[in-house]
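Asker: coordinates only, sequence not included:
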């Protein structure tokens with residue numbers, strides 16, 4: 001892989017994009033269980049769309065954040081000079097176009113509603129980057145909403161939105177908490193933005209993130225007992241994710257970056273727990 005290709009790959013933040021794709025698969029799997037093979041083509045297309053769309057969103061975010069990243073994240077592809085801002089915007093636009101074309105194809109199998117969900121996600125993303133980004137305290141909710149749409153998208157593919165509300169709620173809380181922590185990290189570079197840490201202070205913002213993660217952990221347990229939405233297999237695996245979340249909580253006040261990175265892996269394990277819950 002050439003240096004430019006590697007930079008573009010990094011620009012899409014592959015691990016974060018993978019989280020988006022796995023969220024869609026998890027929602028589809030929980031909704032269909034062992035019958036997921038019946039929707040093999042639709043789910044495969046949906047997962048690919050999720051990965052490409054999330055990569056496009058990440059690239060667009062870096063394009064708009066290029067000035068802030070010179071202070072907060074100088075190692076990223078644009079501020080480091082590995083690619084130009086124009087290249088990043090072109091790359092993002094191409095990925096969005098591909099994701100929308102694939103969504104049109106998917107809508108022939110799964111109905112127009114799946115196209116409307118992806119279109120709504122695109123509108124939310126553009127609204128965030130063009131209008132809401134500077135009001136980051138509100139923007140965090142927009143990012144969380146994208147997660148909700150991913151789960152709804154996955155549920156629609158298999159015609160079962162039943163378990164989606166619970167999955168979306170837990171993920172919304174965790175993603176929003178992670179965004180608050182990112183704002184804590186970026187407070188020095190966010191000179192023209194109104195983030196939660198700038199409004200209430202770093203310490204209080206960390207407590208907000210801590211509260212959101214704590215509620216997400218509680219919701220994840222309630223899904224097994226007393227609601228019994230998912231089975232014992234889910235509960236065993238999600239306890240691992242919850243343990244990582246709880247273990248990393250003190251890091252919020254010592255090393256927010258380490259806490260945020262740790263939460264990414266906990267979120268992946270939580271998504272795996274959803275998938276396991278569709279089997280056991």
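Answerer: Nice, I can see it. Note that the structure is predicted; figures quoted are calculated from it, not measured.

Asker: Where do the helices of the chain begin and end?
Answerer: Secondary structure of the chain (DSSP state H): helices located at 3-11, 14-32, 40-64, 66-72, 85-110, 112-127, 136-157, 164-185, 196-200, 202-222, 232-248, 256-277.

Asker: Same list (the ones you listed) but as TSV, adding mean neighbour count, mean pLDDT and distance to residue 79.
Answerer: In short, each C-beta sits where N, CA and C put it, glycine included. Converted to TSV, the helices of the chain look like this (neighbours: other C-beta atoms under 10 Å; pLDDT from 0 to 100; distance: least, C-beta to C-beta, whole Å):
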stretch	mean neighbour count	mean pLDDT	distance to residue 79
helix 3-11	16	90	11
helix 14-32	23	92	18
helix 40-64	22	96	9
helix 66-72	16	86	4
helix 85-110	17	96	10
helix 112-127	17	95	21
helix 136-157	23	89	19
helix 164-185	23	89	15
helix 196-200	18	89	22
helix 202-222	19	93	23
helix 232-248	18	93	28
helix 256-277	20	90	17
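
Asker: Tabulate the ones you listed (a markdown table), appending distance to residue 78.
Answerer: As requested, the helices of the chain are arranged in a markdown table below (distance: least, C-beta to C-beta, whole Å):
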| stretch | distance to residue 78 |
| --- | --- |
| helix 3-11 | 8 |
| helix 14-32 | 17 |
| helix 40-64 | 6 |
| helix 66-72 | 5 |
| helix 85-110 | 6 |
| helix 112-127 | 18 |
| helix 136-157 | 19 |
| helix 164-185 | 17 |
| helix 196-200 | 24 |
| helix 202-222 | 26 |
| helix 232-248 | 29 |
| helix 256-277 | 20 |
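
Asker: residues making contact with stretch 180-189?
Answerer: 68-72, 136-137, 140, 190, 195-198, 202, 205-206, 208-209, 212, 252, 256-257, 259-260, 263 (C-beta atoms under 8 Å, 6 or more residues apart in numbering).

Asker: mind redoing it with 7 Å?
Answerer: With contact meaning C-beta atoms under 7 Å, 6 or more residues apart in numbering, stretch 180-189 is reached by 68, 71-72, 136, 140, 195-198, 202, 205-206, 208-209, 252, 256-257, 259-260.

Asker: do the same with stretch 77-92
Answerer: With C-beta under 7 Å, 6+ apart, stretch 77-92 has contacts from 3-4, 7-8, 10-11, 56, 59-60, 62-63, 66, 69-70, 73-74.

Asker: let's see it at 10 Å
Answerer: Residues from elsewhere that reach stretch 77-92, judged by C-beta atoms under 10 Å, 6 or more residues apart in numbering: 3-12, 55-76, 125, 129.

Asker: swap in stretch 216-229?
Answerer: 30, 162-163, 165-167, 169-177, 230-236, 238-239, 241-243, 245-246, 249, 263, 266-267, 270, 273-274, 277.

Asker: gap between the two ends of it?
Answerer: In stretch 216-229, first residue to last residue: 15 Å (C-alpha to C-alpha, to the nearest Å).
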